[in-house]
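Visitor: Got a sequence here, can you model it:
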Amino acid sequence: MPTSVRPDPLAPHWKALSLQPGAPACVIKEAHRFHIRLAHPDVGGSDEEAMRVNVAMDKLGSKGSPANEHVARYVASGEPWHVLGLAPSADPKLVERAGKALTAELGDMPRLTARVHWAVANFGTPAQPPQPKARTLITPSQPPPRPTGMWTPPPPRAPVVGRPEGLPQTIDFGEFLRGSEAEHVVRLTWPGRAPHDIRVETAAPLIATITPSKTQAGRVAMKLAIDWESPLLADAATTRGFDARLTVHWGAEGSATIRVVGSPAQPTRIAVGPKELDFGAVRLKQPARAELTLRSSRPAQVTIDASAWLHPVDGKGRRMVAPIRLDANTPAILTFGLDWAPILERGAESIANKRAIKPSGRVHVRWDGGEIAVPVTMLVEPG
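Guide: Next up, the predicted model:
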């Protein structure tokens, strides 16, 4: 009897976020952040696109796997997108964000982290089948002729230490919050065994440490951190970035210079007023409106989650579903309307007995780096 394969009901949601089914939880989160910015109407998106991205996140938020289990499952895969949990057609910027999220989750797992770096570097490159190793016939050399007198062997030559793999030309910390523990790890691999005399010369505001790998011969980790006490970054009011150089020395003659750039930023601060959203006393089924004012210290996008009987509306009374874009230090007024169906359902007994009811709830204002919960009160008088 033939069998039928049931389609995956989550397939459209994985596709909407450019993900592979079963992608890591941290990659799902980064994919949602990436696509919701593209879906915003101000950058060419639409309310429908934003709703599709948000619905996909709601459906997939609990379906992600731990980062270590996912990468370990595909560590031997030849397709980079399998390692990252992304669709093969994913945007390069999303690939970089997924790689950074996985690296942060994996922490001290050098084997898995190295595979993530490989996947980011080779994303979009078709897998190459393994090539058979060529066999080389080695003919032993003839011993030197024995001298007539006492023969003294020549002194051994110092081994030649070549350039390590993994040396980037530029390291970009990107934009990071002032005072945060911004770090960047570069893993250097020498064929055979790493030299003992590896040293790093850094310029302000960088701090560098070298740690040999305990599991893989020939590999060391170079960790770069930000020195917030450096005069270059001491002024908390400045948002000036840095463009520094560091030089890695190894062996007797090996060295390489790397450019390091970054831009410190102040955390986004959002103020909400009033502290309590009060609709006051209203009659049953009476239309009512209440307003919140939002003000941000820098450009930001916020999402609004409210109790079931509340919904944000625009100036024409239409329900808002897309994220709200805030400009720096420019107040934005957010209006909320009432949805009477949940109120009538929960307060049916009190309404039938002609008693007043007091619905309560919260409005959650969320942005990248913070959240504010505003309590909501209202008195519904019997009709």
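
Visitor: What's the separation between the residue at minimal distance from the centre of the chain and A373?
Guide: Centroid-nearest residue in the chain: A101, 4.3 Å away (criterion: Cα atoms, centre = their mean). Applying Cβ to Cβ, to the nearest Å, the value for A101 to A373 is 26 Å. Heads up, the C-betas are built off the backbone N, CA and C, glycines and all.

Visitor: Which strands and helices lie in contact with the helix or strand of the chain with the lowest mean pLDDT?
Guide: Least confident helix or strand of the chain, by mean pLDDT, DSSP states H and E, is strand 170-177 with a mean of 79. On a contact count with 3 or more Cβ pairs under 8 Å, 6 or more residues apart in numbering; DSSP states H and E, strand 170-177 meets strand 183-189, strand 219-226, strand 254-265.

Visitor: let's see 10 Å
Guide: Other helices and strands packing on strand 170-177, by 3 or more Cβ pairs under 10 Å, 6 or more residues apart in numbering; DSSP states H and E, are helix 92-106, strand 183-189, strand 219-226, strand 242-250, strand 254-265.

Visitor: that older thread, figure out the helix or strand that the closest residue to the residue nearest to the centre of the chain other than its chain neighbours lives in.
Guide: Spatial nearest neighbour of A101, chain neighbours left out: C26 (4.2 Å); criterion: Cβ to Cβ, 6 or more residues apart in numbering. Taking DSSP states H and E as the criterion, C26 maps to helix 25-38.

Visitor: by how many degrees do that helix and helix 92-106 diverge?
Guide: Counting by axes from the mean of the first three to the mean of the last three Cα atoms, to 10 degrees, helix 25-38 lies at 150 degrees to helix 92-106.

Visitor: Now do the buried residues in helix 25-38.
Guide: Neighbour-count burial for helix 25-38, counted by 16 or more other Cβ atoms under 10 Å, picks out 25-37.

Visitor: and which of those is nearest to G64?
Guide: Using Cβ to Cβ, A25 is the member of the buried residues of helix 25-38 that lies nearest G64, at 3.0 Å.

Visitor: Would you check that that closest one makes contact with N68?
Guide: No: using Cβ atoms under 10 Å, A25 is not in contact with N68, being 11.4 Å away.

Visitor: Name the residues contacting each of the two.
Guide: E105 (Cβ atoms under 10 Å, 6 or more residues apart in numbering).

Visitor: Thought L188 was touching A221, still the case?
Guide: Yes: assessed by Cβ under 10 Å, A221 is found in contact with L188 at 7.9 Å.

Visitor: More neighbours: which of the two?
Guide: Between A221 and L188, counting by other Cβ atoms under 10 Å, L188 is the more crowded of the two (21 against 17).

Visitor: Enumerate every residue touching that one.
Guide: By Cβ under 10 Å, 6+ apart, the contact list for L188 reads 163-167, 194, 198, 210, 213, 218-222, 248, 250, 256.

Visitor: Buried subset of those as a ChimeraX selection?
Guide: For the buried members of these, the matching ChimeraX selection, counting by 16+ other Cβ under 10 Å, is:
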select :164,166,194,198,213,218,219,220,221,222,248,250
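
Visitor: I'd say the residue nearest to the centre of the chain and A25 touch.
Guide: Yes: A101 is within contact range of A25, at 9.4 Å (criterion: Cβ under 10 Å).

Visitor: okay, the helices and strands packed on strand 170-177 in TSV with mean pLDDT next?
Guide: Formatted as TSV, these follow (pLDDT from 0 to 100):
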stretch	mean pLDDT
helix 92-106	91
strand 183-189	88
strand 219-226	88
strand 242-250	86
strand 254-265	84
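
Visitor: Number of residues surrounding the closest residue to V75 other than its chain neighbours?
Guide: Residue nearest to V75 in three dimensions, not counting chain neighbours: R115, with 5.1 Å by Cβ to Cβ, 6+ apart. Using other Cβ under 10 Å, R115 has 22 other residues around it.

Visitor: What residues does the spatially closest residue to A221 that is not a sequence neighbour make contact with?
Guide: Nearest-residue entry for A221: T211, 4.8 Å, with adjacent residues in sequence omitted and distances by Cβ to Cβ, 6+ apart. If you count contacts by Cβ under 10 Å, 6+ apart, T211 has them with V185, R187, R219, V220, A221, M222, K223.

Visitor: number of nearby residues for the residue lying closest to Q20 once chain neighbours are set aside?
Guide: Spatial nearest neighbour of Q20, excluding adjacent residues (Cβ to Cβ, 6+ apart): G85 at 4.9 Å. Residues near G85, counting by other Cβ under 10 Å, number 28.

Visitor: And G85, how far from G107?
Guide: Distance from G85 to G107, by Cβ to Cβ: 18 Å.

Visitor: Over to H35?
Guide: The value you get for H35 to G107, if Cβ to Cβ is used, is 27 Å.

Visitor: Quickly list what's touching both of A221 and L188.
Guide: By Cβ under 10 Å, 6+ apart, A221 and L188 have these common neighbours: G166, I210, S213.

Visitor: gap between stretch 262-270 and the chain center?
Guide: 16 Å (Cα atoms, centre = their mean, to the nearest Å).
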